[in-house]
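**Student:** Kindly generate the corresponding structure for this input.
(2 chains)
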Amino acid sequence: MMTEKVLQKLQVKSLSILNEHGEVDSSSTIQLSEEILKKMYAKMLLTREFDQRCINLQRQGRMGTYAAAYGQEAIHVGSTTAMQTQDWLVPSFREQGALLSRGVNPELLFLFFMGCEKGNEIPKELHTLPYCVPCATQITHGVGIAMAAQYKKENLAVVTFFGDGASSEGDFHEGLNFASVYQAPCVFICQNNQWAISTPLKQQMHSPTIAQKALAYGIEGERIDGNDVLAVFIATKRALKKAYEGGGPTLLEMLSYRLGPHTTSDDPSRYREEKELHLWKQKDPILRFEKYLLNKGVLSEEEKKVFQEKISEDLKKHALEAEKICQALKNQDICEFTFKK
Amino acid sequence: MEKEFIFPDLGEGITEGELIKWLVSTGDYVNEDQEIAEIETDKALVSIPSAFSGKIKKLCYEENQTVKVGTALLIYETDETSQTEDTKSDSLKETENTQSNREKDPIINKKKPQTEQSIQNTTHLLPLATPATRKLARELGVDLHSIKGSGKDGRIIDDDIQKAANKTEISSEELTEGLGSKTKPSPSEKASPYEAIPLKGIRRKIAESMQASHQEMVMVTHMDEARVDKLLEIRKEKAELAKSRGIKLTLLPFILKACSIALQDHPYLNASLQEESIFLKKYYHFGFAVDTDAGLMVPVIRDVNKKSIFKLAKELTELSARARERKIDLEELQNHTFSITNIGSLGGIFFTPIIHHPDSAILGIGRTQQKPIVDQNKKIVPAYMLPLALTFDHRIADGATAARFVNQVISYLEDPDLLLLEEGEN
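**Tutor:** Predicted structure coming up:
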């Protein structure tokens, strides 16, 4: 006689707190000070303004290829705000918001995109790796750092960023498997912006969610509204806490949308619908957080303006400074920062 | 002061873009970051934000024109004068003043050499060279500052290092000459080591057609020789008669005729493969290769099988003359079924012709030469041999078909009387 049993029933949860009208779910209990909320808002604005500055510089022939984070600011800022100083940030190539939020000087980021190696010289104390452009390779780096911390009994966790396309790469699966076997203190943040360059999500994977890929490795996977900075914050905070306490890794699928092109060399109007873009523009993470803060009285229209102007001015100055440095280091040896002397 | 906005590489390695629309006009005052134009490159349609503020003096391109990367897109008249210190918002201004900025900047100051006064402004920067070349210089004890690079943009290459190392001593004159290279560029720095010719016109057509054949077909070349002593005699005998009719008689019309008859027995060599079907053509239109100043052209002679050798000779002369003068109509180059290419007038024996797309075969003719051959009586005798190279598409025909066809052509060329007997449609 044939015996069939259900061995396991697996579940994938999702989390959202702040809807697109800027309303908070009544059941949620967020305890963030006004100061932190404002800081998060300012960092999101900074990210968007930084992107715009870089795109302009690129169009003016003053910068190389650039990948903007337009629409994904909540993921960068929410997650890094949840991190502690000792935690490590392992970015991919679109995480300027995360780097800026960790305290990396915008000048360094400008330098990097202007092709100056000095831009990778991130101060050690920021525990932030430089950009990693090859798809998914940084996932294994992140796991390695986490395993090393575990071995050295350091109480920290590693937050690794990657995109939806990367979740179909071998490095993703190898990374998750190792992290799972060793119960490494990792938080995997998959920014599902639904487009792997010009390949839509449905054409590069059949799984209904990316979060469920975690279940195969016996680790927790959760889908978060990636345009909701509060949900991103809470989810990352929980995952980090679990990691510090020896609970192992977590995969957080941050569902969002890439509102701009893949990079400055790309033209999305050639492959995606204007309708889809319009729909997601209404879910803009900055707009909804702004509505929330304005309603709550944490932010005023005036303050918002002051923020914007100051950020814009500061970034212009930093960009000019970076151009000067670039010019002066024009013939610099590209290997100067590669090897320890 | 006047300033140019240089059109940058907007993608990764693009060289030009099409100016779709100007968003500003001459005389407008434009602010930094204001959008000035829409340009479409191979990769994307993008808006260009202005790099600085100022009044537009001149738009250098018109809409729908192709803008080359590195050329001025438009010219501004900016408010500032070139000497003003107070130009914080202007980036180019600041980069122009790099030297003074460098002194102010703490990051860069660290890099400054001690002996600043004695060395020229730029010499503290490393000269251009790859890491491998630098390593070689270190190994051979060559100071990169002391030599002049002969590579692109004055780049120092391995060769320069070797040469410098081989010199027993460097005179002080040579040393100053090397340092002075900034003011007097060497010829190698100025002249590009290559010239880029855009692929266009006839060259482009040739490239496309050749590539189509080469990518689609499975080409094999079958080679053989025909003894043409008899044919040459006939030609000699009839030369006067031909001349009286204004015809220059060569071997080519005979070969055309021979092929048109033989092809009727070998239809797969007068065919084309299109959309899973082989089309056997019941007409015999031959392309023949003409070398023109602009490149290879292939005019077509219609119904070769129906025309006399004199008529073929006359058409060959007329069509090639018109091809050389570029007075040929497009129609006269189309609708061919087979082709002949004759390299013999220039030299060469055997070669591997490329089929004229979408035909299934082409016959290549080399130079007729006298050669010693063994005749029927086992004697070595001199003979005029005509080399033939037939390239066929192995998807459509097989080696045996090609061999049989060439044998038949040879039989006609060796015994031209047969041409008379076989003349006419089957």
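**Student:** Need the contact partners of stretch B:29-48.
**Tutor:** A:56, A:59-60, A:261, A:264-267, A:269-270, B:5, B:7, B:10-12, B:14, B:16-24, B:49-56, B:67, B:73-74, B:76, B:89 (C-beta atoms under 8 Å, 6 or more residues apart in numbering or on different chains). Quick note: C-beta positions are derived from backbone N, CA and C, even for glycine.
**Student:** and residue 253, helix, strand or coil?
**Tutor:** Answering for chain A, as no chain was given. Judged by DSSP: H, G, I helix; E, B strand; the rest coil, the three-state class of A:Glu253 is strand.
**Student:** I was after chain B.
**Tutor:** Following three-state DSSP, we place B:Pro253 in the helix state.
**Student:** May I have the residues that are in contact with it?
**Tutor:** By C-beta under 8 Å, 6+ apart, the residues touching B:Pro253 are B:309-310, B:312-313, B:316.
**Student:** List buried residues within those residues.
**Tutor:** By neighbour count, with 16 or more other C-beta atoms under 10 Å in any protein chain shown, the contacts of B:Pro253 hold B:309, B:312-313, B:316 as buried.
**Student:** before we move on, back to that, ok, of the contacts of stretch B:29-48, which come out buried?
**Tutor:** Buried members of the contacts of stretch B:29-48, scored by 16+ other C-beta under 10 Å, are A:56, A:59-60, A:261, A:264-267, B:5, B:7, B:10-11, B:17-19, B:22, B:24, B:49-54, B:56, B:67, B:73-74, B:76, B:89.
**Student:** pLDDT wise, what is residue 4 at?
**Tutor:** I went with chain A, as the question did not name one. Note for A:Glu4: predicted pLDDT of 92.
**Student:** that's the wrong chain, I meant chain B
**Tutor:** 91.
**Student:** I'd like to know which of the buried ones among the contacts of stretch B:29-48 are part of helices.
**Tutor:** The helices, defined by DSSP state H, take in A:56, A:59 from those.
**Student:** beta partners for A:Phe188?
**Tutor:** A:Thr160, A:Leu251 (DSSP bridges).
**Student:** just checking, it touches A:Phe178?
**Tutor:** No. Judged on C-beta atoms under 8 Å, A:Phe188 makes no contact with A:Phe178 at a distance of 11.7 Å.
**Student:** which of the two has more neighbours?
**Tutor:** For A:Phe188 versus A:Phe178, the count of surrounding residues by other C-beta atoms under 10 Å in any protein chain shown is larger for A:Phe188: 30 against 19.
**Student:** any idea how far chain B is from that one?
**Tutor:** Shown here: A:Phe188 relative to chain B, a distance of 29 Å by C-beta to the nearest C-beta, to the nearest Å.
**Student:** residues contacting that residue?
**Tutor:** A:139, A:142, A:160, A:162, A:175-176, A:179, A:214, A:249-252.
**Student:** Now tabulate these in TSV and tack on pLDDT and neighbour count.
**Tutor:** As requested, the contacts of A:Phe188 are arranged in TSV below (pLDDT from 0 to 100; neighbours: other C-beta atoms under 10 Å in any protein chain shown):
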residue	pLDDT	neighbour count
A:Ile139	98	30
A:Gly142	98	29
A:Thr160	98	30
A:Phe162	97	28
A:Gly175	98	29
A:Leu176	98	25
A:Ala179	98	31
A:Ala214	97	26
A:Pro249	98	31
A:Thr250	98	25
A:Leu251	98	27
A:Leu252	98	28
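**Student:** And chain B, is stretch A:54-73 touching that?
**Tutor:** Yes. Contact of stretch A:54-73 with chain B (C-beta under 8 Å from any C-beta of the partner chain) involves A:56, A:58-62, A:65.
**Student:** start to end distance for that stretch?
**Tutor:** In stretch A:54-73, first residue to last residue: 15 Å (C-alpha to C-alpha, to the nearest Å).
**Student:** In the stretch 201-341 of chain A, where is pLDDT below threshold?
**Tutor:** Regions of the stretch 201-341 of chain A meeting the criterion pLDDT under 70 cover residues A:334, A:337-338, A:341.
**Student:** picking up where we left off before, output the contacts of B:Pro253 as a markdown table; include the columns secondary structure.
**Tutor:** Listed next are the contacts of B:Pro253 as a markdown table, based on three-state DSSP:
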| residue | secondary structure |
| --- | --- |
| B:Ile309 | helix |
| B:Phe310 | helix |
| B:Leu312 | helix |
| B:Ala313 | helix |
| B:Leu316 | helix |
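**Student:** What about chain A: which of these touch it?
**Tutor:** With the criterion set as C-beta under 8 Å from any C-beta, no member of those is near chain A.
**Student:** what's the closest of these to B:Arg302?
**Tutor:** B:Leu312 (10.7 Å; C-beta to C-beta).
**Student:** In the stretch 201-350 of chain B, what residue lies closest to chain A?
**Tutor:** B:Glu208 (24.8 Å; C-beta to the nearest C-beta).
**Student:** How many residues are close by that residue?
**Tutor:** 12.
**Student:** Quick check: closest non-adjacent residue to the residue of chain B found nearest chain A.
**Tutor:** Closest to chain A within chain B is B:Pro8: 2.3 Å, counting by C-beta to the nearest C-beta. Once flanking residues are discounted, B:Pro8 sits nearest to A:Gly61: 2.3 Å by C-beta to C-beta, 6 or more residues apart in numbering or on different chains.
**Student:** Tally up the residues packed near that neighbour, please.
**Tutor:** 18.
**Student:** residues touching it, list them.
**Tutor:** B:6-9, B:51.
**Student:** Would you mind identifying the next helix or strand past the helix or strand where B:Ala321 lies?
**Tutor:** Element membership of B:Ala321, judged by DSSP states H and E, is helix B:309-324. Read in the C-terminal direction, the helix or strand following helix B:309-324 is strand B:338-342, with elements assigned using DSSP H and E.
**Student:** and the residue in the stretch 201-341 of chain A that chain B sits nearest to, what does it touch?
**Tutor:** With C-beta to the nearest C-beta as the measure, A:Asp267 is the residue of the stretch 201-341 of chain A nearest to chain B, at 3.2 Å. Under the criterion of C-beta under 8 Å, 6+ apart, the neighbours of A:Asp267 are A:261, B:43-46.
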